[in-house]
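Asks: build me a model:
(chains A, B, C and D)
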4 protein chains.
Amino acid sequence: MVPRYARPAMTAIWEPEARYRIWFEIEAHAAVKMGELGVVPESAGQALWDWWATDPAIDVAAIDAIEAVTKHDVIAFLDWVAQQVGPEARFMHQGMTSSDVLDTTLNVQLTKAADILLADLDALLAALRRRAEEHKYTPTIGRSHGIHAEPVTFGLKLAQAYAEFARCKARLIAARADVATCAISGAVGTFANVDPSVEEYVAWKMDLVPEPISTQVIPRDRHAMFFATLGVIASSIERLAIEVRHLQRTEVLEAEEYFSPGQKGSSAMPHKRNPVLTENLTGLARMVRAAVVPALENVALWHERDISHSSVERFIGPDATITLDFALARLTGVIDKLLVYPERMQKNLDRMGGLVHSQRVLLALTQAGLSRDESYRLVQRNAMKVWESDGQLSLLELLKADPEVAAALPAETIEEKFDLGYHYKQVDRIFDRVFAA
Amino acid sequence: MVPRYARPAMTAIWEPEARYRIWFEIEAHAAVKMGELGVVPESAGQALWDWWATDPAIDVAAIDAIEAVTKHDVIAFLDWVAQQVGPEARFMHQGMTSSDVLDTTLNVQLTKAADILLADLDALLAALRRRAEEHKYTPTIGRSHGIHAEPVTFGLKLAQAYAEFARCKARLIAARADVATCAISGAVGTFANVDPSVEEYVAWKMDLVPEPISTQVIPRDRHAMFFATLGVIASSIERLAIEVRHLQRTEVLEAEEYFSPGQKGSSAMPHKRNPVLTENLTGLARMVRAAVVPALENVALWHERDISHSSVERFIGPDATITLDFALARLTGVIDKLLVYPERMQKNLDRMGGLVHSQRVLLALTQAGLSRDESYRLVQRNAMKVWESDGQLSLLELLKADPEVAAALPAETIEEKFDLGYHYKQVDRIFDRVFAA
Amino acid sequence: MVPRYARPAMTAIWEPEARYRIWFEIEAHAAVKMGELGVVPESAGQALWDWWATDPAIDVAAIDAIEAVTKHDVIAFLDWVAQQVGPEARFMHQGMTSSDVLDTTLNVQLTKAADILLADLDALLAALRRRAEEHKYTPTIGRSHGIHAEPVTFGLKLAQAYAEFARCKARLIAARADVATCAISGAVGTFANVDPSVEEYVAWKMDLVPEPISTQVIPRDRHAMFFATLGVIASSIERLAIEVRHLQRTEVLEAEEYFSPGQKGSSAMPHKRNPVLTENLTGLARMVRAAVVPALENVALWHERDISHSSVERFIGPDATITLDFALARLTGVIDKLLVYPERMQKNLDRMGGLVHSQRVLLALTQAGLSRDESYRLVQRNAMKVWESDGQLSLLELLKADPEVAAALPAETIEEKFDLGYHYKQVDRIFDRVFAA
Amino acid sequence: MVPRYARPAMTAIWEPEARYRIWFEIEAHAAVKMGELGVVPESAGQALWDWWATDPAIDVAAIDAIEAVTKHDVIAFLDWVAQQVGPEARFMHQGMTSSDVLDTTLNVQLTKAADILLADLDALLAALRRRAEEHKYTPTIGRSHGIHAEPVTFGLKLAQAYAEFARCKARLIAARADVATCAISGAVGTFANVDPSVEEYVAWKMDLVPEPISTQVIPRDRHAMFFATLGVIASSIERLAIEVRHLQRTEVLEAEEYFSPGQKGSSAMPHKRNPVLTENLTGLARMVRAAVVPALENVALWHERDISHSSVERFIGPDATITLDFALARLTGVIDKLLVYPERMQKNLDRMGGLVHSQRVLLALTQAGLSRDESYRLVQRNAMKVWESDGQLSLLELLKADPEVAAALPAETIEEKFDLGYHYKQVDRIFDRVFAA
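Replies: Numbering: from 1, shown residues only, chains lettered A, B, ... in the order given. Predicted coordinates:
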């Protein structure tokens, strides 16, 4: 976790104190249910919750000190709680194994993290939708291979991003469900010393579902899927970030990240307005993705479990979720305040001398009876002249003056093919597809 | 694609001829719909399908020869079809762009590949279930950290694998849906020259759904999700493969890959029976996962599209699906024919002098009123002696002879704690959870 | 391996026949040395080389047929050779293990592959150097964050690429040495049944060095380093490819991939000249990098060896080297024939109204006694006006008209700061640094 | 960075204060040289170093506060220094760009980190060598595929690890050299406003070499190579960690991680001694490797630079080096204190009824004139009986009793083949190869 790429709500999930609080709740819920079952005195769970109701501070340093001796984190925690609560606490953790607590806790943390990320996605989707509607009909050039292709609208660009992040949201909901499980199944998952109803009760209280079969640990294919999904979302962030970076290039300058008055772009070149937020997002996307391979490598635990996954999760649990939360929020800010320059978009659209309309002329020639090959040749020879003039020549004028073209198409038909509005007749329908869902 | 790790049905999906057949179908369906719309003569679609009804061979070499000149694969294909079908063919591809064909084709291939993989998973699940039922109550030691923990059954191990691959199947169904889209939206996705109803028609005919918004290309977050999901499945394969490798170790030998009579294990050591299939699966899992990162890097195309994704997909499209298909089938064979040695499992279970029952004694001591710490100390001091004797001493005898333990627990209570059956009382319930779904 | 991204010389290294030829040479060299040592009759090696001198065809199908029965590739090969050579062949492979042959063969293949890649790098370096010298003083704008910064020359861009690929060459030489080892050490690497002098002899004959300590296998950290190095080279390819893609953008158009007269850029837009080669290189770079993670995962073999690495190497051995060879050759072609447009570079350089000279003015103001902050403020307020005019206003004129600036600097001093040549005074020195080495 | 996997010396390199100290040194050295060149007053450098000689505290919070306003870290730092030093400080950073400071600083940090890692490797190598010498002739079974193969010694296992980490050290030395460069080349690397001699002077003072050609940034292929090398080292750690994990398995138990008296292995099973350190190392290896892909993705910066690499480096710079330092130290401790059980090694070696000697008999039969195939058949049919008896039958006895074997080999010759010492005759030579270098 790098503090400058972290926001407090997400970071809080991963603080030691938050972890201990979840540990306590799991143990205390389990104690209550075991009390009901008569496995431990009913007073045990009561004592735990009574103490909890006093809103006790969690003394992380004290727990750490015990762990330094026992070299076992859960035992250290139980010892500390026992010191606070008194003799009733000895009934905690009956028949349970450390992993019951640790793995269920991790899943609580991941689902809480997912909830924040889902809210982040909602905010991003809202920003994208607002700006998409705003620029639904703002003409801009569509580019394939970085080369001018045919007209689109700026709203369409944002609508595509909206649709992509809407998919990301659906995927995250699925990934959240994948890790929303609880295991209280004992040493190797056989429930030998703990009744399955304890697991069911804790799961219900912690807003999870019981893990159908665990083997001391909750299986890590669930977490692999979770982090892989974060990696896909990161790649979608990268895509939109790179779009903004391209648009802000000096020669393009169709949009810019918001530039606050006091901001200095460069220590050396005071005129510079750099797309540093989206460049930063490009890097952050790489870091969220960096969690994917270790998460995949974590799946193949030995036999019923080994602990190789644990150190990995201490890194990627916080890092991937905190970084993605920050990145989504940053991207939302970028989109929300993005400076959009429609005049410049129009200027760029016009700079190629009408080449972007060549496809329509090509089709018209084919429909007028020329072969595809012949049509292509006629359009291309004029298009090349325009291209080589760097947009100084007009494709429309050249085509009208080309005798072979003129023989096939009347001047007004050619002119008609240069109408920009023609390209936008389905924008409404596309928006319906994207935003109606 | 490495031929020895490929099976014909999956490989066939990726052959040039198969690709061209899909291209044709897309173009021909589009021509039919355009005929209905009056954009092209109705005779065009008819001519294409009439020719197709003759079951024509696809002359891959001829198409390649045209591409060598035009340096454009779709144009080469259209030219070749035009040579076969005649003048009506000039109405093909009206208002479409190459990517309409290429991207829709890729998605047809991926959904077909997913269907094979889903069938593979069904076969694996069936094998796992059969063997799990067979060994539902076969006692074996559960191991955490590679160290004996408490008893499980061999059926539970397989039930866990079943549950894991059942999740993999659900994920693959979702991933398949993610790539089951069709785009026929023209040069930059605006439908300027092709009506959206053409896309809808082709989608319906090709068993896909229309891509809500495309930008010449179908967005690659869909494919990233698909390959990431294959990577998760590969990791689950690795987990089960490593389990088998462990079980076949000389010192463990609780199960073995089936060993055919004529097979030589080693050029030098004729007695060896090596778990080469599951070792191979471990490697193949790495290769399926190797597709994940490039698929994630493919998402961030520039503007409306660039073609950097294409070369990546020429590799990972076939490689990841063919290898995963092979791996799933190989794993199914391993499980199906796995030689299981229950006597050896029992022998291993017994070799630790009863240490595996120590947890039950620990609980009994706690319930008899000793503190958790005190109970732990009593069990551990006896357990350590057994451990150091390499299983020659019996924990049961030592505990009964320990005055402090004996003071807390009567001998018969201690003996009761060494009953193996105690651990299996929830096996039925776990099986219900796993297999009822 | 994807045929369209493969060149014959590199592909040939990985053909089955080539592999068998190396196998034979290793076995025959070993037999000769064992003959010298008296372990086998001297006639054995002689018989093998006599047969080899007849330039026999390698019947791959026949060997495959034997393997189908024995399920062991090296035994199948030895059987086949024995059928050809006769009884003397039974002395082959004495005291050796399959891996002695397989691992040494892989290293022969990798060093041969490295030799081709080194030649590829030499060709690329030559092209870069030639074009760098050609454009040593061709002015162009330097860009940070995609935004105009200060002037550089096009030769400097290429000189940077030269220096980067020169480093890549040095790294590949080191990586080649890392895999240029030979192991003939027997079943678990103890030389129990084969004298170390056999290994030394075979190593010498095959142009390798003896592996100091092997454990049936040559340790895979060597190969991990090799493939990691290929991944770094791929990333350098990606960097230069992306530079070209940027330069070819419609709005920038300072350079273009060579466009052959017959080539069609798009099925729909005949005017388009797309940087498809460098986009393709971007994708190929991803694929070469995809070998890195599995190669790293291959290192941790179990005990003296397991065979999980083998399937991985069947993929990445050919794929990574063939793809990188193709990519380097393609990049060399792109650089060699790159269309460079100095007029357009100059035009772009001028389009910002002189903003690129702002840093020099800033320094001059500081040197004239103003504080850094004050100087910054003065330059920035004028720079912002130019920026907002989209280069229509001239920074030089604005500065001369700004009373506070004029108070600090005489007009001719300001003018002096707008001299382009000022930026190029160290070009010669930089070239010396890069190309002298 | 996860505190529990971090050691202070390495962590200190990455503290904000340490970074600012390096910044200062770079700026102050540059100022001195510029003073010599007459670009700034000689008093400027003097003033800076005079202040530095007072050993001033670096007020990180104050600098952060300035950055919160300027949103530029280097400017914030320069402003703060100027507040401390007074007017002379305005001559700092003349003609330099932020990246000159930032990139050179990163390389100082990485070389310092590499120095610690090299010392870590030396300590690990020393431990490996000591334990290898100690167990040079401790017999143990060599295993391929997890299956008993032929005898090795425990010293040979450690000698292989020594050789592997010696290679890692050589690679790290090369990787360190790759990042040991300094750039003080100004806005886009042209030295327009700063003389190359400043770079040379700063490089010399900071123990680096000048970057031959930079483009505002030091090229990131250098860093990619550095982190890729760390990834290879991590994989070697994983290999040795997995070896220990295997050896500690209940059924193998040939070695164990040191187990301190107070340590509790499990909250539930007090007898357990788990290889948690090496399992942890397995996970940490995954995390060090996780830096490789983002580092490779960082290479392809746009044009002269973009800042996407920066956020990645804020993570992986500290994380990969701190984690690797911790892992190497932990591994050294594991090896240093490893509990080795030679009796158990011997017991395991004997448990297969002599099967491990089968290869020697095979060779003897071949040398006695039988065909390879025939010899194989004879050995295998006896070996299989031993195998199926789980080592209760003796291969030696069976072979002597097999009439076909007996016909080919006298009994004493067969017995001779079961001599363990035979396998160790080259151990000395192998040790010479490994440790003489």
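
Asks: hey, where'd the helices end up in the stretch 151-300 of chain A?
Replies: Residue ranges of the helices in the stretch 151-300 of chain A, as given by DSSP state H, counting those that start in this stretch, are A:154-179, A:196-205, A:221-248, A:276-289, A:292-297.

Asks: output those helices as a markdown table; include the columns mean pLDDT, distance to chain D and mean neighbour count.
Replies: For the C-beta atoms, the positions are set from N, CA and C on the backbone; glycine is no exception. Putting the helices of the stretch 151-300 of chain A into a markdown table (pLDDT from 0 to 100; distance: least, C-beta to the nearest C-beta, whole Å; neighbours: other C-beta atoms under 10 Å in any protein chain shown) gives the following:
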| stretch | mean pLDDT | distance to chain D | mean neighbour count |
| --- | --- | --- | --- |
| helix A:154-179 | 98 | 18 | 22 |
| helix A:196-205 | 98 | 15 | 20 |
| helix A:221-248 | 98 | 7 | 26 |
| helix A:276-289 | 98 | 4 | 27 |
| helix A:292-297 | 98 | 4 | 28 |
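
Asks: out of the ones you listed, which is closest to D:Val312?
Replies: Using C-beta to C-beta as the measure, helix A:276-289 is the one of the helices of the stretch 151-300 of chain A that comes nearest D:Val312, at 4.5 Å.

Asks: close to chain B, is that closest one?
Replies: Yes - using C-beta under 8 Å from any C-beta of the partner chain, helix A:276-289 comes into contact with chain B via A:285, A:289.

Asks: does that helix come close to chain C?
Replies: Yes - applying C-beta under 8 Å from any C-beta, one finds helix A:276-289 in contact with chain C at A:276, A:279.

Asks: output the contacting helices and strands for that helix.
Replies: Helix A:276-289 makes packing contacts with helix A:221-248, helix A:308-337, helix D:292-297, helix D:308-337 when contacts are defined by 3 or more C-beta pairs under 8 Å, 6 or more residues apart in numbering or on different chains; DSSP states H and E.

Asks: can you say which of those is nearest to chain B?
Replies: helix A:221-248 (3.6 Å; C-beta to the nearest C-beta).

Asks: how far out from the middle of the chain is stretch A:76-83?
Replies: Between the centre of stretch A:76-83 and the centre of its host chain there is 38 Å, according to C-alpha atoms, centre = their mean, to the nearest Å.

Asks: list the buried residues for it?
Replies: A:76-82 (16 or more other C-beta atoms under 10 Å in any protein chain shown).

Asks: next, format the helices and strands packed on helix A:276-289 as JSON lines and append distance to B:Asp319.
Replies: Listed next are the helices and strands packed on helix A:276-289 as JSON lines, based on distance: least, C-beta to C-beta, whole Å:
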{"stretch": "helix A:221-248", "distance to B:Asp319": "18"}
{"stretch": "helix A:308-337", "distance to B:Asp319": "26"}
{"stretch": "helix D:292-297", "distance to B:Asp319": "18"}
{"stretch": "helix D:308-337", "distance to B:Asp319": "28"}
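
Asks: of these, which is nearest chain C?
Replies: Between chain C and the helices and strands packed on helix A:276-289, the tightest spacing by C-beta to the nearest C-beta is seen for helix D:292-297, at 4.8 Å.

Asks: so what's A:Asp390 up against?
Replies: C:253, C:344 (C-beta atoms under 8 Å, 6 or more residues apart in numbering or on different chains).

Asks: and A:Arg143, how many neighbours?
Replies: 25 (other C-beta atoms under 10 Å in any protein chain shown).

Asks: to clarify, my last question referred to A:Phe431.
Replies: By other C-beta under 10 Å, the residues close to A:Phe431 number 21.
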